[in-house]
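Participant: Got a predicted structure here, sequence first:
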Amino acid sequence: MTTSTNPPFALTVAGNEATGGAGAQADLKTFQELGVFGSLALTCIVSFDPKNDWGHRFVPVDPQVIADQLEAATSAYNLDAVKLGMLGTPATIDVVATAMEELAPENLVLDPVLICKGQEPGAALDTDEALKAKILPLASFVTPNHFESLSLSGMESITTVDELIEAAMRIHERSGAVVLAKGGVRLDGPEAVDVYYDGETTEILSAPKVENVAVAGAGCTMAAAVTAELAKGLSPLEAARAAKEFVSAGIRQRITSNAPFDVLWQGGLAAERTIG
């Protein structure tokens, strides 16, 4: 007779990105690589348009369908962590906020997608404000990129590591959440720098830049890796360090395609360890 030991369980609430480089696909691949069983509630469908300069085409999922997915996923598993990615509309945010308030997960990681490409500016602003008001207060861990750090901190510019630290502190004060503010290639210098702040500990996480260009999927993967490591029982700081290592390897082993951008490979760290 065999006995089964379940892996940790994580849920991602995110959008579909058809090329597989970001969004729900990146999240699920990250969970799998890191030994976590992943489930998904799909919020929207985003398709790049190769006939229109690879712009975004955005289609939201009906709010009731999102609610049904959340009901199924949260009923089937005792979730160790939840990651929130692109939500996309105020109606979606309402549904997700209600579900998260009821579930009250110990680890709720928010990748605060504040600009929903493909939406009209007015709709995008409504979405941003709803996310800040209804989702941000629920998060236990927030992973804003450079633009999102500006918006959430209220700062006019972030051009130095000290300013990124200030942004992380302000976002923590506003949300109460642990913050991993992603500077990446947006700050000058040879290192891709992210800042961790939890109200007591400040740590600068850095890795050499790879050609100083942004790589698609890095932000999604960073938040998903944090989620997976928290689900496995790591502390927030340990999860941030592990996620930085995972993403840095994925960038070094990035994938090229016919699209005008490179894509992070979630199998990068495993490949480097095999080679090493």
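Facilitator: Ah, there it is.

Participant: for this protein, what's the longest strand?
Facilitator: strand 37-49 (DSSP state E).

Participant: That one - contacts with which helices or strands?
Facilitator: Judged by 3 or more CB pairs under 8 Å, 6 or more residues apart in numbering; DSSP states H and E, strand 37-49 is in contact with strand 9-17, helix 23-33, strand 55-60, helix 63-76, helix 90-103. For glycine as for every other residue, the C-beta is placed from the backbone atoms N, C-alpha and C.

Participant: Would you mark the buried spots in it?
Facilitator: Buried residues in strand 37-49, counted by 16 or more other CB atoms under 10 Å: 37-46, 48.

Participant: export the helices and strands packed on strand 37-49 to CSV and tack on distance to residue 182 and mean neighbour count?
Facilitator: Converted to CSV, the helices and strands packed on strand 37-49 look like this (distance: least, CB to CB, whole Å; neighbours: other CB atoms under 10 Å):
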stretch, distance to residue 182, mean neighbour count
strand 9-17, 17, 26
helix 23-33, 15, 24
strand 55-60, 20, 15
helix 63-76, 26, 16
helix 90-103, 22, 19
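
Participant: right, and those - which one's nearest residue 142?
Facilitator: Residue 142 lies closest to helix 90-103 among the helices and strands packed on strand 37-49, at 13.7 Å (CB to CB).

Participant: For whichever helix or strand comes after that closest one, which helices and strands make contact with it?
Facilitator: Remark: after helix 90-103, the chain's next helix or strand is strand 108-110, criterion DSSP states H and E. Contact analysis of strand 108-110 by 3+ CB pairs under 8 Å, 6+ apart lists strand 81-84, strand 141-142, helix 218-231 as its packing neighbours.

Participant: Give me the distance between strand 108-110 and the centre of its chain.
Facilitator: 8 Å (CA atoms, centre = their mean, to the nearest Å).

Participant: which outside residues touch it?
Facilitator: Strand 108-110 is contacted from outside by 81-84, 100, 135-136, 138-143, 177, 223, 226-227, 230, using CB atoms under 8 Å, 6 or more residues apart in numbering.

Participant: how does it look with 10 Å?
Facilitator: Contact with strand 108-110 is made by 10-13, 79, 81-85, 87, 100, 131, 135-136, 138-144, 148, 175, 177-178, 180, 222-231, 236, 239, 243, as judged by CB atoms under 10 Å, 6 or more residues apart in numbering.

Participant: Tell me which residues of the helix or strand bottoming out on mean pLDDT in the chain come out buried.
Facilitator: Using mean pLDDT, DSSP states H and E, the weakest-scoring helix or strand in the chain turns out to be helix 121-130, at a mean of 75. Neighbour counts over helix 121-130 (16+ other CB under 10 Å) mark 124, 127-128, 130 as buried.
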